[in-house]
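S.K.: Just to be clear, the model below is a prediction. Sequence and coordinates:
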Amino acid sequence: MAIVDWPAGLAICFMPASVQGGLRDNRYSFETDDKMPPIERPATSWAPEVYSLTLAPMSRTEFEAFQKWYRGPLAYGVNSFVFPHPVTRVDMVWKIVKADPPYHVRRLGRIPAGTDLRRIEVGFSIMSLPLSVPV
């Protein structure tokens, strides 16, 4: 799995109120009997953070760049990428969470012919990976 960069020329800007998520629950629980509470332990040595977010509205040119990046370097979501943490803004390695569709697109009103207005909204979920950001 390769770690790719965010598409050149596409701002890393998302709608602040759109960010939802947090640390994935990493507990494994099992019942012992009726008299004891469930036993819990960590399922793995690491737990990812998962966030849903919506990027700031894009122009058609920016949206086409995003699609080209998703289909090309990101290999339809197979590869991971460097992106700032939605809350702390520290660069981390992330993957787009597998979903159908993997990202949602919404037009924000009519885009007049011959213009490149920022009226395309793209949203997706990302999951952090325990990898270092390449230097």
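M.R.: That came in fine, so what should we check first?
S.K.: Nearest the geometric middle of the chain, what residue?
M.R.: Nearest to the mean C-alpha position of the chain, counting by C-alpha atoms, centre = their mean, stands I126 at 2.3 Å.
S.K.: and that one, what does it touch?
M.R.: Shown in contact with I126 (C-beta atoms under 8 Å, 6 or more residues apart in numbering): V50, Y51, L53, F83, P86, W94, K95, I96, V97. Glycine gets a C-beta too; all of them are placed from N, C-alpha and C.
S.K.: Tell me the one among those residues nearest to G21.
M.R.: Top of the list for closeness to G21, among those and by C-beta to C-beta, is Y51 at 3.5 Å.
S.K.: I'd guess the closest one is in a helix, am I close?
M.R.: No: note on Y51: no helix contains this position according to DSSP: H, G, I helix; E, B strand; the rest coil, which reports strand.
S.K.: Might one say that it is in contact with R24?
M.R.: No: contact status for Y51 versus R24: not in contact, 10.5 Å apart, counting by C-beta atoms under 8 Å.
S.K.: can you map out the strands along this protein?
M.R.: In the chain, the segments counted as strands under DSSP state E are 3-4, 20-23, 27-30, 39-42, 49-54, 80-84, 91-96, 104-107, 120-128.
S.K.: and those strands as JSON lines, adding mean pLDDT?
M.R.: Putting those into JSON lines (pLDDT from 0 to 100) gives the following:
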{"stretch": "strand 3-4", "mean pLDDT": "96"}
{"stretch": "strand 20-23", "mean pLDDT": "95"}
{"stretch": "strand 27-30", "mean pLDDT": "88"}
{"stretch": "strand 39-42", "mean pLDDT": "89"}
{"stretch": "strand 49-54", "mean pLDDT": "96"}
{"stretch": "strand 80-84", "mean pLDDT": "96"}
{"stretch": "strand 91-96", "mean pLDDT": "97"}
{"stretch": "strand 104-107", "mean pLDDT": "94"}
{"stretch": "strand 120-128", "mean pLDDT": "96"}
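S.K.: mind giving me a markdown table with those strands and columns for distance to K68?
M.R.: Listed next are the strands of the chain as a markdown table, based on distance: least, C-beta to C-beta, whole Å:
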| stretch | distance to K68 |
| --- | --- |
| strand 3-4 | 12 |
| strand 20-23 | 27 |
| strand 27-30 | 40 |
| strand 39-42 | 40 |
| strand 49-54 | 20 |
| strand 80-84 | 14 |
| strand 91-96 | 15 |
| strand 104-107 | 14 |
| strand 120-128 | 13 |
